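In: would you be able to build a 3D model of this:
(2 chains, ligands or ions: 2)
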Amino acid sequence: MNMIVCVKQVIDPEAPPATFKIDTSTNQVVPPAGMSPVIDPYGEYAVEAALKIKDAVGGKITAISLGTNQLRDVVKKPLSMGADELVLLEDEAYDGGDSFSTAFALAAVIKKIGEYDLILCGREASDWNAGQVGSGIAEILGLPSITLVKKIDVADGKARIERLTSDGYEVIEVSLPAVVTVSNEIGEPRYPTIKGIMGAKKKDPTVWTPADVGLDPAQIGAAGRKTKMLKLFQPAHEGQVEIIEGESPEESAANLASKLREAKIF
Amino acid sequence: MADNKGVMAYCEVADGKLAAIGAELLGGGRKLADDLGEELVAVLVGSGVSGLVQEAIALGAEKVYVVDDELLKEYQADSYVAAMEKVAMQAMPRIIMLGQTNVGRDLAPRLAFRLGTAASLDCLELAIDADSKALLQTKPVYGGNAYAVFTTEYYPQVVTARVKSMQPLERDDSRKGEVINVDAGLDASAIRTRVVEKVVEEVEGIKLEDASIIVSGGRGIGGADGFKQLEELAKILKAAVGASRPPCDNAWVPAGLQVGLTGKIVSPDLYIAIAISGSSQHMSGCSGSKNIVAINKDPEANIVKQARFAVIGDWKKIIPAFTEKIKELMAG
Ligand SMILES: Cc1cc2nc3c(=O)[nH]c(=O)nc-3n(C[C@H](O)[C@H](O)[C@H](O)COP(=O)(O)OP(=O)(O)OC[C@H]3O[C@@H](n4cnc5c(N)ncnc54)[C@H](O)[C@@H]3O)c2cc1C
Ligand SMILES: Nc1ncnc2c1ncn2[C@@H]1O[C@H](COP(=O)(O)O)[C@@H](O)[C@H]1O
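Out: Ligands and ions are numbered 1, 2, ... in the order given. So this is what the prediction gives:
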């Protein structure tokens, strides 16, 4: 099994909402001071999904990450978890893209790598919540895609996949190669082992410029966008909270119930 | 490209009926079409869906494109993208709207890429720019910490709208409309996926989407036993039980109870958030609630800031006393 996993470096989405800031002059998010970026969580679930398959049937996992200023300690996480190779698309030309130009560049790299049975992405990245790159890669490469995946079993050139629905899941059979987008129901990503971290430290990622992949800079990054962002803003939080007090927690609780009754909320 | 005209609403069919999102899209789409001075069309895709045409017209569509084919019995990206591509090439709409459902979020990006553009998913607001006639697409980003307004110069403009973000029109059975049957010319061998089984995970009690009160628990509940206490409270209040993501990930409750950006979007009259910190991703799913009550031991928790009422303390002490008092008030 040759597997390709797409991951991306993002601002830590678990940072407290109060630390979230926008620079309105540039329409950009200001990374919170003193907090390291992370691998986008759903990308990490995709790595976990690939590792589960590798545990079951063996295979090779190549992680690809497109971005600028990628911190090696951050983007090497798939390697320390157990992936085999890391390809970084790092060049100014990749910068400022949208789902379209990102999927376009990733698809070109996957084509260059050439050998793949399964391509795994996260269901949506935690920064722009676009939820499209996996489906886009599938369209560009002419592959089937299954989104919102919670379980994957592979055998005999086919995969049996559980896809989330609003009230449960469906089991889908697909021929390989195929693209899947992974949801958190796949199970918590494993922690890197000490051995994994040491191995990742020693491994140099492959860095590819657009020219290395045969990409025209006009088709990628900001130049290749199909969408335009006109405005980025923080919603106002309305309302003043009323803290319900009491002599004891039990009394506060009773006061809350009375308050809700008075306000005719139940 | 500039020849693209009209607003197209993809009306999902579930269990042989028009899903509620279809009526919402037709309501929101009607307004966009009127602002553009262009027509509103509906699309029905499936097997045996022709009978729903009148309903789509009664809900505001001037034309209904129907792709009715045995091979479309079940939703699968390969066949549905092919069908929608056919319809889009024939109708050449300016805008294609789908719902942010598990079908729409799968279909919209594949369709957009097939048509040579990208989509905007999970839009909360859609409006027409008076000068450029461009579609202004407002959607949450960074887990709901911010909103972004996107537009595109590529047509058709493909979007999904969040469930319940748009108002349906009043159904009017005297409305007239035209039906256009499209033959998708599907080939079974081009469908590379096969649905072998559908599993419904029944949830006891009131469904999250239908509830006017929700009792929701977070990581701080600590286990399945804790949720039993929330269920008891919910039963008394005729409420549904919800959860943030960690209780679902830890299997304290079924995955279907997750509220948030990647879970269910709810807007009850009362949302009681117990031991939930109020991450932006969670708030994305419940900030439309009329009243949020936070029960949390941390006065600095984000949920407290966004609530109308809060009690600060250990839920293990608060919930039993709260439940008793509610019982008393309801009896009296
Ligand atoms: C792209 C993306 C999508 C996501 N989608 C969702 C989603 O749809 N829904 C969702 O919920 N999350 C989602 N998440 C996860 C989200 O970021 C948070 O991790 C999650 O919401 C935290 O859940 P929590 O508030 O229960 O846990 P925590 O943040 O750990 O908070 C626990 C809270 O419980 C309180 N507490 C603990 N013990 C007690 C006690 N005894 N009494 C009273 N209070 C107590 C603590 O003070 C704390 O405030 C998503 C994340 C990403 C990156
Ligand atoms: N710049 C990127 N580099 C590598 N993978 C990406 C990148 N952007 C998106 N992806 C992948 O696509 C998934 C969905 O992203 P998106 O469509 O942007 O929400 C992510 O979870 C990643 O798996």
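In: most centrally placed residue in chain B?
Out: B:Val163 (3.0 Å; CA atoms, centre = their mean).
In: hang on, it packs against B:Val103?
Out: No. The pair B:Val163 / B:Val103 is not scored as a contact, 11.6 Å apart, by CB atoms under 8 Å. Every C-beta, even on glycine, is put in place using the N, C-alpha and C of the backbone.
In: low-confidence bits of chain B, can you list those?
Out: B:1-2 (pLDDT under 70).
In: which residues in the chain form helices?
Out: Picking chain A for this. Assigned by DSSP state H, chain A shows helices spanning A:41-57, A:72-75, A:77-81, A:99-113, A:133-141, A:194-202, A:210-213, A:249-262.
In: switch to chain B, please.
Out: B:20-36, B:53-58, B:77-91, B:104-114, B:224-237, B:245-249, B:280-286, B:302-306, B:315-331.
In: from those, which stretch is densest packed?
Out: When the helices of chain B are scored by mean count of other CB atoms under 10 Å in any protein chain shown, the highest mean neighbour count falls to helix B:104-114 (a mean of 27).
In: so that one, near chain A or not?
Out: Yes. Contact of helix B:104-114 with chain A is found when judged by CB under 8 Å from any CB of the partner chain, involving B:Arg105, B:Asp106, B:Pro109, B:Arg110, B:Ala112, B:Phe113, B:Arg114.
In: what is the neighbour count of the residue nearest to B:Ala23 when sequence neighbours are not counted?
Out: Distances taken as CB to CB, 6 or more residues apart in numbering or on different chains place B:Pro168 nearest to B:Ala23, at 3.7 Å, with adjacent residues excluded. Close neighbours of B:Pro168, defined as other CB atoms under 10 Å in any protein chain shown, add up to 17.
In: and B:Pro168, what does it touch?
Out: For B:Pro168, the residues meeting the contact criterion (CB atoms under 8 Å, 6 or more residues apart in numbering or on different chains) are B:Ala20, B:Ala23, B:Glu24, B:Leu26, B:Gly27, B:Leu59.
In: turn these into a markdown table, including distance to ligand 2.
Out: Listed next are the contacts of B:Pro168 as a markdown table, based on distance: CB to the nearest ligand atom, whole Å:
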| residue | distance to ligand 2 |
| --- | --- |
| B:Ala20 | 26 |
| B:Ala23 | 28 |
| B:Glu24 | 24 |
| B:Leu26 | 28 |
| B:Gly27 | 28 |
| B:Leu59 | 31 |
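In: pick out the residue in chain A sitting closest to ligand 2.
Out: The nearest approach of chain A to ligand 2 comes at A:Gly122, 2.3 Å away (CB to the nearest ligand atom).
In: I meant to write chain B there.
Out: Proximity of chain B to ligand 2 (CB to the nearest ligand atom) peaks at B:Pro109, 7.6 Å away.
In: could you measure from that residue over to A:Ile39?
Out: Using CB to CB, to the nearest Å, B:Pro109 is found at 22 Å from A:Ile39.
In: sorry, back to before: CSV for the helices of chain B, including distance to ligand 1?
Out: Below are the helices of chain B laid out as CSV (distance: least, CB to the nearest ligand atom, whole Å):
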stretch, distance to ligand 1
helix B:20-36, 19
helix B:53-58, 31
helix B:77-91, 22
helix B:104-114, 13
helix B:224-237, 9
helix B:245-249, 3
helix B:280-286, 3
helix B:302-306, 7
helix B:315-331, 4
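In: export the ones you listed to CSV and tack on distance to A:Asp212?
Out: Converted to CSV, these look like this (distance: least, CB to CB, whole Å):
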stretch, distance to A:Asp212
helix B:20-36, 44
helix B:53-58, 50
helix B:77-91, 31
helix B:104-114, 24
helix B:224-237, 52
helix B:245-249, 39
helix B:280-286, 36
helix B:302-306, 44
helix B:315-331, 55
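In: how near is B:Val304 to B:Asp314?
Out: B:Val304 sits at a distance of 15 Å from B:Asp314 (criterion: CB to CB).
In: any low-confidence regions in the stretch 1-150 of chain A?
Out: Counting by pLDDT under 70, the stretch 1-150 of chain A contains no low-confidence range.
In: quick check: residues of it near chain B?
Out: A:11, A:13-14, A:16-18, A:20, A:22, A:29, A:98-100, A:103, A:123-124, A:126-132, A:135-136, A:138-140, A:144-148, A:150.
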